[in-house]
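>>> I would like to see how this sequence folds:
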Amino acid sequence: MKAWIAYLTVALVWGSTYFGIALGITSFTPYGMVASRYLAGGAGALVLSRVTGESWPGRRDLPHLMLQGLLLLTLSNALVTWAEGYVSSGATAILCSTTPLFYAVLGRERLGARGWGGMFLGLAGVGVLVLSRPGAHSLDLWGASALLLATFFWAYGTLHGRRYVRGGGLMGQVGIQMLTGGFLGLLLAPLTGGVLHAPLTWKAGLAVGYLAVFGSLLGYSAFVYISRAWPPSRMSTYVYINPVVAVLLGCVALREPFNLGMAAGMAVILAGVWLLQAQRPASRPQACACVE
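Here you go, the predicted structure:
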């Protein structure tokens, strides 16, 4: 039950972060945003870890957690943030939806016909959903390359944590990863345009605050939990649901149009998610860390 709650949290909360990133980059540089949201989120996670009395990650786990912070948060997140300045949000959603494919290839999962069918159905559904939306769908070569590299870093870093991180409570693990990502972002920010590239607006400030609390502290903690609890292919189906949430939020909050093609895309996505969630693993899952 806890895994399902964590999965729904990631699917719903990260579906709303598209708006936060789009607003934040109007004032923040990519690494300025990484530093701001993850330093704040990491500090909050460590406070919660101490308050709840979690066990601290062992010395052996620290380099692996820090590597995850580098790959997932410093590199992958900054690449996505940078790419959104050159690639439309729709194209970003499609390219980020290749994450389950990276998990399957890098993790050498034996998915079977149902698993592979669900994976490509989900990806096709995201494509139909996004391309059915009115508006331009720009695709810059460098931006697209950055997004694919970001998905590779994200998948590799997640699988690394499954294999090598063994001890400590959830919030302690999350705190170390986010503080590593935020601190490295702070070091890189002066070399890549500083923290801000334009005057700070209240919308951009609130957006980064939302990303720190909900996207990072809540959403990332839930992600780390399910990345330990479920096989990668099953866990990663949240990336198919994120665009659905983003589109529905746009229709409700911004009164964007909704058409039959978008409804069809959502139906295909749900069919793909169902196939991946219902599959039985063809091989024994790898040993992974126990999360308190």
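
>>> can you give me the helices for this protein?
Assigned by DSSP state H, the helices in the chain fall at 2-24, 30-51, 62-68, 78-83, 89-96, 99-107, 112-131, 141-164, 170-188, 202-210, 219-229, 232-235, 238-253, 260-278.

>>> these: which one's closest to Gly194?
helix 30-51 (6.6 Å; Cβ to Cβ). All C-beta atoms are positioned from the backbone trio N, CA, C, and that covers glycine.

>>> which elements pack onto that closest one?
For helix 30-51, the packing partners by 3 or more Cβ pairs under 8 Å, 6 or more residues apart in numbering; DSSP states H and E come out as helix 78-83, helix 170-188, helix 202-210.

>>> what residues of the first one count as buried?
Using 16 or more other Cβ atoms under 10 Å as the test for burial, helix 78-83 gives Ala78, Leu79, Val80, Thr81, Trp82, Ala83.

>>> quick one: which of those has the lowest pLDDT value?
Of all those, Thr81 has the smallest pLDDT value, namely 79.

>>> let's have the buried residues of helix 78-83 in a markdown table, adding distance to Gln68.
Formatted as a markdown table, those follow (distance: Cβ to Cβ, whole Å):
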| residue | distance to Gln68 |
| --- | --- |
| Ala78 | 15 |
| Leu79 | 16 |
| Val80 | 16 |
| Thr81 | 18 |
| Trp82 | 20 |
| Ala83 | 21 |
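
>>> if we can go back for a sec, dump the helices and strands packed on helix 30-51 to CSV, plus distance to Tyr225.
Formatted as CSV, those follow (distance: least, Cβ to Cβ, whole Å):
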stretch, distance to Tyr225
helix 78-83, 22
helix 170-188, 6
helix 202-210, 21
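
>>> just name the closest of the buried residues of helix 78-83 to Gln177, please.
Ala78 (14.5 Å).

>>> before we move on, back to that, the helices of the chain: lowest mean pLDDT?
helix 89-96 (a mean of 77).

>>> elements contacting it?
Short answer (3+ Cβ pairs under 8 Å, 6+ apart): helix 89-96 packs on helix 2-24, helix 78-83, helix 112-131, helix 141-164, helix 238-253.

>>> contacting residues around the nearest residue in space to Lys203 that is not next to it in sequence?
In space, and not counting its chain neighbours, Lys203 is closest to Leu23: 5.3 Å by Cβ to Cβ, 6 or more residues apart in numbering. By Cβ atoms under 8 Å, 6 or more residues apart in numbering, Leu23 lies in contact with Lys203, Ala204, Leu206, Ala207.

>>> and with 6 Å instead?
Contacts for Leu23 (Cβ atoms under 6 Å, 6 or more residues apart in numbering) come out as Lys203, Ala204, Ala207.

>>> Serialize these to JSON lines and add fields for neighbour count and distance to Val195.
Listed next are the contacts of Leu23 as JSON lines, based on neighbours: other Cβ atoms under 10 Å; distance: Cβ to Cβ, whole Å:
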{"residue": "Lys203", "neighbour count": "12", "distance to Val195": "17"}
{"residue": "Ala204", "neighbour count": "20", "distance to Val195": "11"}
{"residue": "Ala207", "neighbour count": "25", "distance to Val195": "15"}
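
>>> mind putting those in TSV, distance to Tyr31 included?
Output for those, formatted as TSV (distance: Cβ to Cβ, whole Å):
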residue	distance to Tyr31
Lys203	20
Ala204	15
Ala207	16
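
>>> please tell me how far Gly205 sits from Glu256.
In this structure, Gly205 and Glu256 are 25 Å apart, going by Cβ to Cβ, to the nearest Å.

>>> check Ala267 too.
Distance of Ala267 to Glu256, computed by Cβ to Cβ: 19 Å.

>>> Leu260 is nearest to which of the helices and strands packed on helix 30-51?
Closest to Leu260 of these is helix 78-83 (Cβ to Cβ; 29.8 Å).
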